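Asker: Give me coordinates for this.
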Amino acid sequence: MNTVSIIVPVYNEAQCIVATFSSVLKFVVNKPWYDFIFVDDGSTDQTREILESQIQLFNSKQISLLSYKAHRGKGYAVKTGALYADGDYICFLDGDLAYSLDYLDLMVAKLADFDIVIGCRNLTPEKNNGFNFRRILAGRIFNFISRSLLKLNFTDMQAGIKGFDKYAAKDLFKTQIIPGFAFDVELLYLAKKKRYTIGEIAVVVSKKHLYKKSQVKLFKHSIEMLFDLLQIVYHDFILKKYE
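Answerer: The predicted structure is shown next:
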C-alpha cells in the first residue's frame, strides 16, 4: 500500500481548527497509510496552541504540526509541508476542509495514472459552487489571465485540493517561488514546463465553507495574484529561475 502525506496549511483558523482536527482524526483511524501534516503559517490567534493541545491529547502518530512565527503565505506553508513530507503521494488540502476528505481516496487512485491530480470545480453540474457573483467574476478573470499569460489549459487552477507523486512534488516544490495565493498556478506552470502529466477530479466546495467568513480580501488579493502572475513570467523569461 502506498503511503500518503496530506499537507494542511492553516492561518488564524482557531474558530474551526478543533472541528478540522476531529474530522482528520476520524479519517486516519482506519487508514494507517495516511499521515496529516498541519502547517501553521504564523497564526496570531490560538490556532497553533489548539493544535498542539489536540495532538498531545490524542497522541496520534499520523498527525503532526510544523509552525513558524512570521506569516509567510499559503504557498510558503504548503511548500514547507511538502518538502518535509515523506509519503509516496503528497497532497494538500485547505485548512477549513473546504473539500471533503472523501476526495482524497479518489485523488490517490487517480495518481496511479498521473504525476499530478488537481481538483476542478467546473467538472460538476454545480459549476458556481454557491459562490457569490463577485467571487465568481474575480475567479473567472484571474483564470482567463492565467490561461492567456501562461498558456495553461485548465479551467480551475485554484481549488484548494491537489495531489502529487512524491518525485514530482519534491521536484516542483523545491523550485516554487511564489509564497501567496497564486502558488498553485506557478506549480501547474512548472509542471507543464517539466512535462509532468496532470489529471483532474470533480470537486464541490462544502456548504460549511460557503457560510464561513472568508479570509480572502477580493480586491487586495486579486491585485496580489495578478502581480504574482507577472512574477512567474519574470522569473522564467528574465531570471531563468525555472531552468
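Asker: Check the offset of the top helix by length along the chain from the chain's centre.
Answerer: Taking DSSP state H as the criterion, the chain has its longest helix at helix 133-150. Per CA atoms, centre = their mean, to the nearest Å, the displacement of helix 133-150 from the mean C-alpha position of its chain is 18 Å.
Asker: And the next helix or strand past it?
Answerer: strand 161-165 (DSSP states H and E).
Asker: Quick one: neighbours of residue 139, just the number.
Answerer: 19 (other CB atoms under 10 Å). Where C-beta positions appear, they are placed from N, C-alpha and C, glycine not excepted.
Asker: and the gap between it and residue 234?
Answerer: In this view, residue 139 and residue 234 are 24 Å apart by CB to CB, to the nearest Å.
Asker: repeat for residue 157
Answerer: 19 Å.
Asker: Between the two, which is the more surrounded one?
Answerer: Each of residue 157 and residue 234 has its neighbours counted (other CB under 10 Å); residue 157 has more, 23 against 11.
Asker: Can you find the helix or strand of this protein with the lowest average pLDDT?
Answerer: Ranking every helix and strand in the chain by mean pLDDT, DSSP states H and E puts helix 207-211 at the bottom, with a mean of 67.
Asker: Between helix 133-150 and the helix or strand following that one, find me the angle.
Answerer: If you walk from helix 207-211 toward the C-terminus, the next helix or strand you reach (DSSP H and E) is helix 218-233. Orientation of helix 218-233 against helix 133-150 (axes from the mean of the first three to the mean of the last three CA atoms, to 10 degrees) gives an angle of 10 degrees.
Asker: so what does helix 218-233 touch, helix or strand wise?
Answerer: Under the contact criterion of 3 or more CB pairs under 8 Å, 6 or more residues apart in numbering; DSSP states H and E, helix 218-233 touches helix 133-150, helix 183-193.
Asker: Nearest to residue 222 among these would be which one?
Answerer: Nearest of the helices and strands packed on helix 218-233 to residue 222, taken as CB to CB: helix 133-150 at 5.3 Å.
Asker: Quick check: mean pLDDT of that closest one?
Answerer: Averaging pLDDT along helix 133-150 yields 78.
Asker: in it, what's buried?
Answerer: 135, 138, 139, 142, 143, 146, 150 (16 or more other CB atoms under 10 Å).
Asker: Could you dump those residues into TSV with distance to residue 109 added?
Answerer: Output for the buried residues of helix 133-150, formatted as TSV (distance: CB to CB, whole Å):
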residue	distance to residue 109
135	30
138	32
139	27
142	30
143	26
146	28
150	28
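Asker: what residue ranges in the chain score low on pLDDT?
Answerer: 126-135, 209-219 (pLDDT under 70).
Asker: With respect to residue 192, which of the buried residues of helix 133-150 is nearest?
Answerer: Distance to residue 192 across the buried residues of helix 133-150 (CB to CB) is lowest for residue 150, with 8.2 Å.
Asker: need the contact list for the closest one.
Answerer: Residues in contact with residue 150, defined by CB atoms under 8 Å, 6 or more residues apart in numbering, are 185, 189, 229, 232, 233.
Asker: switch to 7 Å and redo it
Answerer: Residues in contact with residue 150 (CB atoms under 7 Å, 6 or more residues apart in numbering) are 185, 189, 229, 232.
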